[in-house]
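Q: After the sequence you'll find the predicted model.
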Amino acid sequence: MVERRVGILGMGHTLPSQIRYNNDPIFEWLRKHDVSGKDLFLGFDRRHVLADGETVIDILSAAALMAIHDAGLVPEQIDHVIGCISPNSYIVPHDLFRLAAVVGLPKNTLTVPLANDFANFNIAALLSDSLVRTGRAHNVLIAIGGGWSRAVSYTTSQAISAADGAAAAVVGRERLGRTALWTLIDSEVIAQEQNFGQMALYAQRREVSDGASTGVPAWRDPTEELFSGPFFQITQEGLREFTTFGGGTAPLAALRLIQRQGLTASDVTITGHQASRTLLDVWKTSLAPAKLFDTLACLGNMTVATIPINLCRLRDVLTTPYVVALALAPDMHAHALLLRRTP
């Protein structure tokens, strides 16, 4: 019997309808002040952001249903869902469980939330591919949604890049009349965990009104709001590593992957984390791929959702047989995923 190929059978993505341009009033403070890292985050024109009352689940559920339909399936045929919604509504439980209910997945669906920001799609693709290949799963829904326009302080340089979006993919075995869009070939990781904490999403304590310590005094109402955020914070060391690790070390993961598979730069298109035009220009020079595909100017930095959204948009315009999806994570690690576009 001929072994049926495992791959991504369907994809879908959704963007919020509200568009924020560079002249938006929310950026007024940044326009008037000189803040650290302002010269690093460049190349943005517009970005889609969630409107008041709109949630990541709203756009991700639509993307998930698109992907399931694109794979020629119905929600009842999904047996695993892997992915993330970032930032999450609660510390626990994860919003991915809510998504499974909204989409109408079977009640015995195994839901697996990830926390590998911003490499969640790459990790989910690896896990899904392994589950299907070993027979532990039949059809896995990868669901990735980002709402980081609400996770930044608009007094920090990184806020200029923040955008929202959602994408989904279904991984399974090919069947009659259904050929995989993408097949997973290989991956490579470079971790630099000594920089842990230099980029992080967290809440900060506010000073209490009486000038006491920032701890909660025994007499104070414990329900009183004493925190800001959570917001994405980058230390001075983190801003330096943005250039040295992001621009110098991270591309090595893609280079090792290309060389190990016996490929050349002309065989691949690079897409990936798009925090700044500065970073993308460094990748373009150091890796010299056939094409570096990005949506930075028109879609901004969609954080966790950037790679799957860009893969959706590459689907009909790709001119190379391979794509390297290069993800960066704030811990810091780089993860390069090699995909082959099925002819």
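A: That came through fine.
Q: Quick check: buried residues in stretch 176-187?
A: Counting neighbours by 16 or more other C-beta atoms under 10 Å, one finds that the buried residues in stretch 176-187 are 178, 180-185, 187. C-beta: built from backbone N, CA, C; applies to glycine.
Q: so who does the residue nearest the centre of the chain touch?
A: Central residue of the chain (C-alpha atoms, centre = their mean): Val304, 1.4 Å from the mean position. Residues near Val304 by C-beta atoms under 8 Å, 6 or more residues apart in numbering: 84, 86, 117-118, 120-121, 144-146, 148.
Q: So it lies in a helix, does it not?
A: Yes - the assignment for Val304 (DSSP: H, G, I helix; E, B strand; the rest coil) places it in a helix.
Q: residues near Ala325, how many?
A: Neighbour count of Ala325, defined by other C-beta atoms under 10 Å: 27.
Q: Please report how far it lies from Lys38.
A: Using C-beta to C-beta, to the nearest Å, we find Ala325 at a distance of 28 Å from Lys38.
Q: quick revisit: show me which of the contacts of Val304 are buried.
A: Neighbour-count burial (16+ other C-beta under 10 Å) applied to the contacts of Val304 gives 84, 86, 117-118, 120-121, 144-146, 148.
Q: And the worst-scoring helix or strand of the chain on mean pLDDT, what does it pack against?
A: Taking mean pLDDT, DSSP states H and E as the measure, the chain has strand 227-234 as its least confident helix or strand, at a mean of 78. Under the contact criterion of 3 or more C-beta pairs under 8 Å, 6 or more residues apart in numbering; DSSP states H and E, strand 227-234 touches strand 199-205.
Q: still on that earlier bit, can you tell me which of the buried residues of stretch 176-187 has the lowest confidence score?
A: Sorting those by pLDDT puts Arg178 at the bottom of the list (88).
Q: So what does that one have for phi and psi?
A: Main-chain dihedrals, Arg178, degrees, to the nearest 10: phi -140, psi 100.
Q: Which phi and psi values does the closest residue to it other than its chain neighbours adopt?
A: Leaving aside its sequence neighbours, Arg178 sits nearest to Gly72 (C-beta to C-beta, 6 or more residues apart in numbering; 5.1 Å). When read as degrees, to the nearest 10, the backbone of Gly72 gives phi 70, psi 30.
Q: correct me, but Gly72 touches Val170?
A: No - counting by C-beta atoms under 8 Å, Gly72 sits too far from Val170 to count as a contact (9.1 Å).
Q: out of the two, which sits in the busier spot?
A: Val170 (27 against 14).
Q: Can you give me the distance of Ala163 to Thr303?
A: Ala163 is 8 Å from Thr303, by C-beta to C-beta.
Q: again with Ala191
A: 19 Å.
Q: and these two? which has more neighbours close in?
A: The neighbour count for Ala191 versus Thr303, taken as other C-beta under 10 Å, is higher for Thr303 (31 against 15).
Q: Point out the least confident one among the contacts of Val304.
A: Within the set of the contacts of Val304, pLDDT is lowest for Asp117 (88).
Q: quick revisit: okay, and the common contacts of Ala163 and Thr303?
A: 146, 148.
Q: Put the alpha carbons of the stretch of helix or strand Ile144 belongs to into CSV.
A: Per DSSP states H and E, Ile144 falls inside strand 140-147. Taking C-alpha atoms only, strand 140-147 is exported to CSV below (Å, rounded to 0.1, in the frame of the first residue of the first chain):
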residue,chain,number,x,y,z
VAL,A,140,-5.0,18.4,13.7
LEU,A,141,-6.2,22.0,13.7
ILE,A,142,-3.4,24.6,14.3
ALA,A,143,-5.0,27.8,15.6
ILE,A,144,-2.8,30.9,16.2
GLY,A,145,-4.3,34.3,17.2
GLY,A,146,-2.5,37.5,18.2
GLY,A,147,-3.9,40.6,19.9
